[in-house]
Structures are given as C-alpha cells and as structure tokens.
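Chemist: what would the 3D arrangement of this be:
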Amino acid sequence: MTNEIVTVAEMYAADRYAADHGVPSLTLMENAGGAVAEEILKRWPPRPTAVLCGPGNNGGDGFVAARLLKARGWDVRVALLGARANLRGDAAAMAMRWNGALVPLSADALKGAELIVDALFGAGLSRELEGEALAVAAAPKNGAPVVAIDMPSGISGDLGRRLGMKAVFRADLTITFFRKKPGHLLMPGRMACGEVVVADIGIPEEALKEIKPRTFENAPDRWRYNFPWPDPLAHKYGRGHALIVSGPAHATGAARLAARGALRIGAGLVSVASPPESVSVNAAHLTAIMVKPFDGPDGLAGLLKDKRLNAVVIGPGCGVGRPILHLVDAALASEASVVLDADALTAIAHDVKGHLTRPHARVVLTPHEGEFERLFPGLLARMPTRLHAAREAAAITNCTVLLKGPDTVIASPKGDAAINANAPPWLATAGSGDVLAGFVAGLLAQGMGAFEATCAAVWLHGEAANLFGPGLISEDLPEQLPAVLKRLFDGT
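Modeler: Predicted structure coming up:
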C-alpha cells in the first residue's frame, strides 16, 4: 500500500469507483468492520465492550465489528444514536444482522466497558458534536481504551482539528480505510488518533489514477529510488559542493552545524563561506569542511561563479540587517541551488516577491510558523490548514516551501505536498533547524530535485532524532545520520 493521503471528497470518489467496478458498498462495509474487529483481536483479550454507533455508514461499520467480536465470544453491547428504524441503506442492513444487546446512546452505555469503539461519525463530519454524542465524548472512560473507526468523532478528517470548542473523542487506536486522511497527520488531530492503521477493504488501487491525490505522507517510498547513493566509480567532485554562508565571528556556530549536516548526508565537499572576521574562528573548528573567505555580496558572487559550488545555504547566524539582503540576492543570482533559512527569511520578509523575481525551481524556503507569518502575513489564518498555507506559499514564490513544526509540511510549486509525521519532540532544540538546512543543501548538491531533497532531508532529520531519543542536542543529529542512512540503504 502506497502512502497517498486522500481528502474526504477523494475518499468518497474512491468508494464510488469501487462500486462502479464491481465491489458492492455492502462488501466494503463488511470488510471495514472486519478490519476493525481484526485489529482489536490482535491487541486485546476478550473484555466487556461498548460499540457506539452513529446513524450513518460509520455506525454500519460499528455494527459489523460488534457482530464479529460477539461471534468470537466477546461481551458486546451496541449503543445507537437515534432509532434503528431511522437507519438507511447499508447501515440499516448491518444493524439488522446484529442480534445482541442494543441500548440508546448515553453516557450510561459506557458503564462497565473495558473497551470502547467509537463508530459515531467518520472523517466526513463537518459540525461539532452535540446532544448525546457530546455527552458521551465528555464522559469519563475510566481507563478503557478507545478504538476509533475512520476518525475520532469530533475531529475533521480534512482539517485535523476539532470541530468547535466542545469535547471530542480521543482514541488509542484509529482504523481507517484505503488511505490516511489529512486529519490523521495534521496536528492536533494526529494526537487524537493514537496509533493509526490503514486497512485494505477492497477498493481497487486503480481508484488512485482517477482521483489523482496530490498529497502524501512523507516516507522513503516516495523518494528512496532517487536518493543519491554514491556510484562505485564516482569521486567526491561528482557528489557536489555545498557552500554554507557564515555569520559574524560571534555567531558562526549555526553555519558549522549546517555544514556538518551537508557533509554527513553525502555532499562530496562542503565549505563555509566566511566574512573576514570569522575566518579564524571557523578555521579553528573545522577539519573536513573547508573555509572560503569572502567579503560582502561581491565576494559571495565571486565564489559562486565557480559552478562546482552548486548548493548554498544562507541565513543561519547571518543577522537580519541590510547586508544579508545583498547576500541573498547574490546567491539567488547564481546558478546554485539555494536554501534560504533563518535570518535570510526574516530579512526578505519586507519584499518576498521583490527578492524572488525569477523562476526558482531549485530554491527552498524553510520557515517555522513565526518566519512564515513574517513572509506571508495572515496566510496561515486565511487558509484552512498548514497544508493549504504551504501550498499557497509555494505557488506565490515558485519555490519549495518547508513549513516546519510537529506536522512539518513540504510543498512544491507544482502543487504536490507531503506531511511529515516522524519528528519527535526532542527536535525542539537550538540548532536543529540549521542541521536540517544543511541536510537539504547536501542533497541538492548531489543533484536531487528540490522537493524530493527536502522531503528526504526532513524524514532523515526526524529519524536521526528518533534514533538518539531524549537528551538530543543539535550536534547529535549529523552523528546519528550514518546509522539511519544504513537502514535506508538496506531497506529496513
């Protein structure tokens, strides 16, 4: 199963495609409920279980799961929102097959339950919970695990956030079907989902060709085969030369972090471009990484006339005054791929379009939310999600945009986007973004496309942090990378 992400509308289209190609909707519902029961049976021994069923197809899935668990000897009761007589279509058919306990939905239905299945509303819910559904969502669960079908009720499948300000369900396990939805990955919805399992319920894979999703979960399957592994006959000069622009003498550490990241991820050569006052400081700290003195924008432009310097990072520790604006312009005027990070983003925020005046297919912008707001005032507030905002920013600038955060989004000018979900909280430490900028530049230097390079860098950054665990500081990230790359190379 591939890692496309489908919107609610695209999921409905996939259901229709299945029906049009010989897969009855009742079969899809039986398979969905069966997948839920199977995942429950994998994790828990028989126990008193309350299955909370809504009035639509999500509730129908719940009736199937309840029936199959009961057939395995489980003590199951179904709590239904509304009357059975009001059910329609497939949900009504599955309700008729249920011959166990059926009670009205209320908080009392949770009493004695040691497992709760939330089959009230799926990813397509568009309004906040109310009435008995709200009361049950707000009721104490007394430590009982909650299993959500498709999406925890009250969380938008498209937006990844609660609908309204009232209570929602929080799941320990969410079973969804065919593909994940944006809400499974975007924060804070991702935190409400717990573990997410994607079940195959019989929708043909060919449905993807018709719905053509443009969003995916960032994972190696999307870029592994374009990753620039060294050729046995290659040499360092064939693996690119990344240039990291240093700031003044008192702020050189950020550039060195980026430089080590670029070197570790495989750039054949890496140099730190140092203003005169920083040369001795950088030279004292660097070994495999070279130091190239330069003076002002003309000096940087002179360095970049050497076409072998084919990727440049500018911003970490550079300061935000007028001098960096001229350095940015010098970098953008070159033929090198450019990563604009940190201070460079703040510096150009007064006139983003003015600085990005020509096509920039190999330019990557790497803002966190504060920098993004300075670059694109009000865009985050106007857009439904960070995913939409990053896409819009990429279209405006014709650059690849890396919007950093716990649900980092990478968007290309062509409309493709990836949501990254492997970043642990340990990455919230000074300098980790500088290392990430270096990772991106190192892959750009080796010829990887801007969007794929950024996706790969973000995922590897997260995996390096996961491998190290608590106590991580930014200097640890490049040193964890070889083990992560080995796993990637081995396909494990």
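Chemist: touching, Trp258 and Gly317? I think so.
Modeler: Just so we're on the same page, residue 258 is Ala rather than Trp. No: Ala258 is beyond contact range of Gly317, at 9.0 Å (criterion: CB atoms under 8 Å). Yep, even glycine has a C-beta here, placed from its N, CA and C like the rest.
Chemist: how about the nearest residue to Val136, chain neighbours excluded?
Modeler: Ala107 (5.6 Å; CB to CB, 6 or more residues apart in numbering).
Chemist: look up how far Lys166 lies from that neighbour.
Modeler: Per CB to CB, to the nearest Å, Ala107 is found 15 Å from Lys166.
Chemist: before we move on, back to that, where do the contact lists of Ala258 and Gly317 overlap?
Modeler: Residues touching both Ala258 and Gly317 (CB atoms under 8 Å, 6 or more residues apart in numbering) are Asp434.
Chemist: looking at these two, which is more packed in?
Modeler: Ranked by neighbour count (other CB atoms under 10 Å), Ala258 and Gly317 place Ala258 first, with 36 against 24.
Chemist: which strand or helix spans the more buried one?
Modeler: Assigned by DSSP states H and E, Ala258 belongs to helix 253-264.
Chemist: check which element follows whichever strand or helix holds Ala14 along the chain.
Modeler: If you go by DSSP H and E, Ala14 is part of helix 8-20. Elements were assigned by DSSP H and E; along the chain past helix 8-20, the next helix or strand is helix 25-43.
Chemist: quick one: contacts of that following helix?
Modeler: 15, 18-19, 57, 60-65, 67-69, 72, 89-91, 93-94, 115, 117, 119, 147, 149, 173, 175, 177, 197, 199-203.
Chemist: show me which of the residues you listed are buried.
Modeler: Neighbour-count burial (16 or more other CB atoms under 10 Å) applied to the contacts of helix 25-43 gives 15, 18, 57, 60-65, 67-69, 90-91, 93-94, 115, 117, 119, 147, 149, 173, 175, 177, 197, 199, 201-203.
Chemist: quick one: secondary structure of Gly415?
Modeler: Secondary structure state of Gly415, per DSSP: H, G, I helix; E, B strand; the rest coil, is coil.
Chemist: doesn't Val339 fall inside a helix?
Modeler: No: using three-state DSSP, the secondary structure at Val339 is strand, not a helix.
Chemist: list the contacts for it?
Modeler: Ala311, Val312, Val313, Ile314, Gly315, Val363, Val364, Thr366, Ala437, Val440, Ala441, Leu444.
Chemist: which among those residues gets closest to Ala262?
Modeler: Ala441 (4.9 Å; CB to CB).
Chemist: now Thr385: how far from Leu52?
Modeler: With CB to CB as the criterion, Thr385 and Leu52 are 27 Å apart.
Chemist: please say which of these two ends up with more neighbours.
Modeler: Leu52 (30 against 22).
Chemist: from what I can see that one touches Ile116, true?
Modeler: Yes: look at Leu52 against Ile116 with CB under 8 Å: they come within range, at 6.8 Å.
Chemist: now do the helix or strand bottoming out on mean pLDDT in the chain: which elements does it pack against?
Modeler: None of the helices or strands of the chain scores lower by mean pLDDT, DSSP states H and E than helix 352-355, at a mean of 85. With contacts defined as 3 or more CB pairs under 8 Å, 6 or more residues apart in numbering; DSSP states H and E, helix 352-355 has these neighbours: helix 322-333, helix 386-397.
Chemist: helices or strands up against the last one?
Modeler: Okay, so that is helix 386-397. So helix 386-397, by 3+ CB pairs under 8 Å, 6+ apart, packs with helix 352-355, strand 363-365, helix 369-375, helix 379-382, strand 400-403, strand 409-411, strand 417-419.
Chemist: parallel or antiparallel, list what pairs with the second one.
Modeler: Each strand paired with strand 363-365, and its direction, by DSSP bridges: strand 337-340 (parallel), strand 400-403 (parallel).
Chemist: hmm, Arg402 is touching Glu371, no?
Modeler: One correction, residue 402 is Leu, not Arg. No: the pair Leu402 / Glu371 is not scored as a contact, 10.7 Å apart, by CB under 8 Å.
Chemist: these two: which is more packed in?
Modeler: Leu402 (31 against 23).
Chemist: contacts only, for the residue lying closest to Ser334 once chain neighbours are set aside.
Modeler: Excluding its sequence neighbours, the residue lying closest to Ser334 (CB to CB, 6+ apart) is Leu304, at 3.8 Å. Applying CB under 8 Å, 6+ apart, we find Leu304 in contact with Leu243, Val312, Ala330, Ala331, Ser334, Glu335, Ala336.
Chemist: any idea how far Leu304 lies from Gly122?
Modeler: Leu304 is 53 Å from Gly122, by CB to CB.
Chemist: next one: Ala258
Modeler: From Ala258 to Gly122 the distance is 43 Å (CB to CB).
Chemist: hang on, the earlier thing: show the backbone phi and psi for the residue nearest to Ser334.
Modeler: phi -80, psi -10 (degrees, to the nearest 10).
Chemist: make sure Thr400 is actually in contact with Ala393.
Modeler: No: taking contacts as CB under 8 Å, Thr400 lies outside contact range of Ala393: 10.0 Å.
Chemist: those two: who's more crowded?
Modeler: Neighbour totals were compared for Thr400 and Ala393, and Thr400 leads with 31 against 25 (other CB under 10 Å).
Chemist: please name the bridge partners of that one.
Modeler: Counting by DSSP bridges, the residues bridging with Thr400 are Val364.
Chemist: tell me the pLDDT of it.
Modeler: Listed pLDDT for Thr400 reads 96.
Chemist: flag every buried residue along stretch 215-228.
Modeler: Thr215, Phe216, Glu217, Asn218, Ala219, Pro220, Arg222, Trp223, Phe227, Pro228.
Chemist: swap in stretch 456-464?
Modeler: Those would be Ala456, Ala457, Val458, Trp459, Leu460, His461, Gly462, Glu463, Ala464, for stretch 456-464 by 16+ other CB under 10 Å.
Chemist: please flag which of the residues you listed sit within helices.
Modeler: Ala456, Ala457, Val458, Trp459, Leu460, His461, Gly462, Glu463, Ala464 (DSSP state H).
Chemist: this completes my enquiry, with thanks.
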